[in-house]
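J.: Here is a sequence together with a model predicted from it:
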Amino acid sequence: MIKKEHIIEKIKTCYDPEIPIDLWNLGLIYDIKIKKNQSKTDIRILMTLTTPGCSMINIIAEDVKSKIESLESIGEVNVDVTFDPPWTPEMITDTGKKKLGFSVPDNDKKTEDWE
């Protein structure tokens, strides 16, 4: 059975072409929906980009889609891009901030898991 953690691991292999951080740790994934459909599992991803004018929108969305489709028992995968709410740097996970060289206070409880 496909779990959210499996989807997240695949998303972590997708990178923003201008920032060397994966889409998950950049905070670009807003929602993951998983729906069992007979013998397959359908996935719907709601994501954003760092800027609305990004010319790589289709390439990034297709990368997410193809990586998720590589999982066993995956049916239909839909990746929807939204700019509401707009992305802000505060959405970056602590892991992402550390990769970018920002110091992260130990008392900051922000996690990598989307609530």
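T.: Alright, I've got the coordinates.
J.: At which residues are the strands of the protein located?
T.: All strands of the chain, identified by DSSP state E, fall at 29-37, 40-47, 74-81.
J.: what's the most buried one of these?
T.: Of these, the one with the most neighbours on average (mean count of other Cβ atoms under 10 Å) is strand 40-47, at a mean of 19. Where you see a C-beta, it was placed from the backbone N, CA and C, and this is true even at glycine.
J.: what mean pLDDT does it have?
T.: For strand 40-47, mean pLDDT rounds to 97.
J.: In this structure Val104 contacts Lys97, no?
T.: Yes - counting by Cβ atoms under 8 Å, Lys97 is a contact partner of Val104 at 5.2 Å.
J.: So which of the two has more stuff around it?
T.: When Val104 and Lys97 are compared for neighbours, Lys97 comes out ahead with 18 against 14, by other Cβ atoms under 10 Å.
J.: what's near enough to touch that one?
T.: By Cβ atoms under 8 Å, 6 or more residues apart in numbering, Lys97 lies in contact with Val104.
J.: Next one: it, what pLDDT does it get?
T.: pLDDT, Lys97: 93.
J.: Quick one: low-confidence residue ranges for the chain.
T.: Across the chain, the ranges flagged by pLDDT under 70 are 107-115.
J.: now the helices for it?
T.: For the chain, the helices defined by DSSP state H cover 4-11, 23-26, 57-69, 94-99.
J.: any residues touching the third one, and which ones?
T.: Pointing back at helix 57-69 there. With contact meaning Cβ under 8 Å, 6+ apart, helix 57-69 is reached by 7, 10-11, 13-14, 16-17, 23, 43, 45, 47, 49, 54, 74, 77-79, 81.
J.: for it, which positions count as buried?
T.: Neighbour-count burial for helix 57-69 flags 60-61, 63-65, 67-68 (criterion: 16 or more other Cβ atoms under 10 Å).
J.: out of the residues you listed, who's nearest Gln38?
T.: Gln38 lies nearest to Ile68 out of the buried residues of helix 57-69, by Cβ to Cβ, at 18.1 Å.
J.: quick revisit: tabulate the helices of the chain (TSV), appending distance to Pro86.
T.: As requested, the helices of the chain are arranged in TSV below (distance: least, Cβ to Cβ, whole Å):
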stretch	distance to Pro86
helix 4-11	20
helix 23-26	13
helix 57-69	14
helix 94-99	17
